[in-house]
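A.B. asks: This is a predicted model, with the sequence first.
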Amino acid sequence: MSSSLPVPNSHHTVSSSEKPASIQSDSPTVINDGKKNDLPPTAHYEESPNFGPQHIEISTATLNNPLDGMSAEEVLRDVDKFVEDKGLLEHRELFRKGALLARVAQREGGFEDISEIPEDEKKILREEITHRWRQPFMLYFLAVLCAGSAIVQGMDQTAVNGAQQFYFDEFEIGPEKVYIRGLLNGAPYLCSCLIGCWTNAPLNKYLGRRGTIFISCFISFASSFWMAAADSWWNLLIARFALGLAVGAKSSTTPVYSAESSPKAIRGALGCQWQMWTAFGIMLGFVASVVFQNVTAPIGQSIDPPRYPQWRWMLASTAIPPMIVMIQVYFCPESPRWYMEKGKYDKAFKSFSRLRNHPVLASRDMYYAYKMLEAEKHQREGKNLVKEFFTVRRNRRAAQSSFFVMFMQQFCGVNVIAYYSTQIFLDAGFSRSQALLVSMGTGIVNWLFAIPAIYSIDTFGRRNLLLTTFPLLGLCLFFTGFSFWMPAGNVEAGEMSTGRVAMIATGIYLFMAAYSPGEGPVPFTYSAEAFPLYIRDTGMSFATATCWGFNFILSFTWPALVDAFTPQGAFSWYAAWNFFAFFYTYFFLPETKNLTLEELDIVFSIGNREHATYYKKKLPWYFQKYILRKQVEEYPPLYQLGGGGSMSEKIARTQSRSSRR
């Protein structure tokens, strides 16, 4: 922390009677004293609950806004020292205005009272709120880059869906060889989990976000041709394993790059572009399967003459998107927060300026991020990184939450459809051509229904999207699995039961429609923003390794699962996980919408017990409001941001609460 910050008297204690009713407490477990007696019984929440941490509240108050409690003169002295130390003296006046804005960043309309801000700049600040999508071209160009990286990811995932129907025949991998089939499909995700994701930290450290994206796209580009030229199943296996190096690094870096570059008002919307355009790439993979299913031009000499060249065209087509991204990446600015981490503040400001509508917005966001990072660095100084990841509750809660959303992105069952939908439709009674075409339809549905998440993820919220869609996913999987009990007809004679195949296709399409706005965009958006900067690369590596590790388990085991438990049992297995996820989300998953990356420290500092108890007590309020449709007052929030007086007052109130417990 800067030396200009006021130093609180740690021995001073304030009783509850001394605390003004007008002050909103910063504690996540204390309601506004001025309102607590007016709340209806269904919304009652204890002022001093006997759960949750006692020591964490001071640190969350400190990281809430390090400028809170400082006078304007103190802030100006501090920012003058900042621009001098960081070589930004030419922008001194700009950063002075930015610092005054950062001081009131959590106060709605606070900039209106700052006389140093001219009216034309206040107009820009108002438009930032009222026209949140009015952003500079470069920010959207960066979003397009991230979208292209996601398309690479999606196409790599599903081109194999149609290709496997041909290379299984060419390499004589029959239905009885369930584990070889599963290994060929899951090889990229095994490599990603074991190696690819963990290259994220060193690559980002030395090459930055852009350099890592370039390297990963080059590997995707090269492995596409390697797979297309494979002359045996084990050669194809090695090529697909190598593809996992790209999958891990790219998926770990791109969402973080987007999150670090975006303003908080639309960070979730731009972050969920990863899933939306991954869904588009998934659709392109299905399209490639349909387009090349009848191509007879031979490629390579795996068997003389080649029997099934179609799959080679399908896999080679995945080289096109990464080639485009490699060209585009050099025109985008590097992440400004990455520059700050490296001490390159002049480049960080240039990057912020290209990504914001006005230099005063760039100076505000940069100075605010700097003060947050300074407070974080002060608290974490001298700590062991690996130990911090598991022993500090703020980091542990972020890891736990990221693990859950990434785990459920796989165990909700979506990639069963992404990798095996053609085989599922063949088992349902479709012909190969029909199965490929209907599989393409699942990709189209997946992409189209991801679009609403752009608008809802920052308004409705990450947590609410999951709570809404998890039960729907479970019901759709039960519907799909149970549809296999319908009479199949005489499949060998080409007489399929239209009712049966229609029910199965409907269940899968409805599943994809429910998945795309919920568990589709949330995991990577959530994980990219959950961790503090100093362990963000490691945290994202952990999150994506979780995702791809369980992706491998799912893709590897699905053929054997269907063989052992029939489609009914296999689909029901993943349906049950969705209902488990609904309850876990409600009681344990924090919300992260509309907060800066630095403000999320307070969110993840709240313990599991405290979070679960809060939402357990809130259940009657939900019942009164949404079931009985009664008029009830707003329920006290789990945590407060901003306000609460000076830092010394906040710490004194924390000590007072601790002494009463």
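C.D. replies: Looks like it came in fine.
A.B. asks: mind listing the helices for the stretch 201-350 of the chain?
C.D. replies: Taking DSSP state H, counting those that start in this stretch as the test, the helices found in the stretch 201-350 of the chain are 233-261, 267-271, 273-291, 310-316, 320-328, 336-341, 345-355.
A.B. asks: JSON lines for those, including mean pLDDT and mean neighbour count?
C.D. replies: Heads up, the C-betas are built off the backbone N, CA and C, glycines and all. Shown next, in JSON lines, are the helices of the stretch 201-350 of the chain (pLDDT from 0 to 100; neighbours: other Cβ atoms under 10 Å):
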{"stretch": "helix 233-261", "mean pLDDT": "89", "mean neighbour count": "25"}
{"stretch": "helix 267-271", "mean pLDDT": "74", "mean neighbour count": "26"}
{"stretch": "helix 273-291", "mean pLDDT": "86", "mean neighbour count": "26"}
{"stretch": "helix 310-316", "mean pLDDT": "90", "mean neighbour count": "25"}
{"stretch": "helix 320-328", "mean pLDDT": "93", "mean neighbour count": "20"}
{"stretch": "helix 336-341", "mean pLDDT": "90", "mean neighbour count": "23"}
{"stretch": "helix 345-355", "mean pLDDT": "93", "mean neighbour count": "21"}
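A.B. asks: Am I right that Ile606 is in a strand?
C.D. replies: No. Assigned with DSSP: H, G, I helix; E, B strand; the rest coil, Ile606 falls outside any strand and is coil.
A.B. asks: Distance-wise, check it relative to Trp338.
C.D. replies: Separation of Ile606 from Trp338 (Cβ to Cβ, to the nearest Å) stands at 28 Å.
A.B. asks: what about Val501, helix or strand, and which?
C.D. replies: Using DSSP states H and E, Val501 sits in helix 498-515.
A.B. asks: May I see the buried residues of that helix?
C.D. replies: Residues 500-501, 503-505, 507-515 are the ones in helix 498-515 that count as buried (16 or more other Cβ atoms under 10 Å).
A.B. asks: got it, and stretch 459-472?
C.D. replies: Within stretch 459-472, the residues scored as buried using 16+ other Cβ under 10 Å are 460-467, 469-470, 472.
A.B. asks: Among those, which are located in strands?
C.D. replies: Among the buried residues of stretch 459-472, no residue falls in strands (DSSP state E).
A.B. asks: Turn those into CSV, columns for pLDDT and distance to Thr158.
C.D. replies: Listed next are these as CSV, based on pLDDT from 0 to 100; distance: Cβ to Cβ, whole Å:
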residue, pLDDT, distance to Thr158
Phe460, 86, 28
Gly461, 85, 29
Arg462, 89, 25
Arg463, 91, 28
Asn464, 91, 29
Leu465, 93, 23
Leu466, 94, 24
Leu467, 95, 28
Thr469, 95, 21
Phe470, 96, 23
Leu472, 96, 22
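A.B. asks: Which residues are in contact with Ile457?
C.D. replies: 268-269, 271-272, 465, 521-522, 525, 593 (Cβ atoms under 8 Å, 6 or more residues apart in numbering).
A.B. asks: Turn those into JSON lines, including distance to Ala222.
C.D. replies: Formatted as JSON lines, those follow (distance: Cβ to Cβ, whole Å):
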{"residue": "Gly268", "distance to Ala222": "34"}
{"residue": "Ala269", "distance to Ala222": "33"}
{"residue": "Gly271", "distance to Ala222": "28"}
{"residue": "Cys272", "distance to Ala222": "29"}
{"residue": "Leu465", "distance to Ala222": "37"}
{"residue": "Pro521", "distance to Ala222": "29"}
{"residue": "Val522", "distance to Ala222": "32"}
{"residue": "Thr525", "distance to Ala222": "29"}
{"residue": "Lys593", "distance to Ala222": "39"}
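A.B. asks: Apart from its chain neighbours, what residue comes closest to Gln434?
C.D. replies: Residue nearest to Gln434 in three dimensions, not counting chain neighbours: Phe425, with 7.1 Å by Cβ to Cβ, 6 or more residues apart in numbering.
A.B. asks: separation between the nearest residue to Asn204 once chain neighbours are set aside and Tyr206?
C.D. replies: Leaving out its chain neighbours, the residue that sits closest to Asn204 by Cβ to Cβ, 6+ apart is Asp537, at 4.9 Å. Applying Cβ to Cβ, the value for Asp537 to Tyr206 is 11 Å.
A.B. asks: And the two? Which one has more around it.
C.D. replies: Asp537 (23 against 9; other Cβ atoms under 10 Å).
A.B. asks: tell me the angle the helix or strand hosting the more buried one makes with helix 498-515.
C.D. replies: Using DSSP H and E, Asp537 falls within helix 536-588. Here helix 536-588 points in a direction 110 degrees away from that of helix 498-515 (axes from the mean of the first three to the mean of the last three Cα atoms, to 10 degrees).
A.B. asks: show me what contacts the residue nearest to Gln434?
C.D. replies: Contacts of Phe425 by Cβ under 8 Å, 6+ apart are 434-435, 438-439, 501, 504-505.
A.B. asks: ok, of those residues, which one's closest to Trp447?
C.D. replies: Closest to Trp447 out of the contacts of Phe425 is Ser439 (13.5 Å), distances taken as Cβ to Cβ.
A.B. asks: looking at this, Glu529 is in a helix?
C.D. replies: Yes. Glu529 forms part of a helix when assessed by three-state DSSP.
A.B. asks: helices or strands up against the helix holding Val501?
C.D. replies: Here helix 498-515 touches helix 414-428, helix 432-448, helix 462-483, going by 3 or more Cβ pairs under 8 Å, 6 or more residues apart in numbering; DSSP states H and E.
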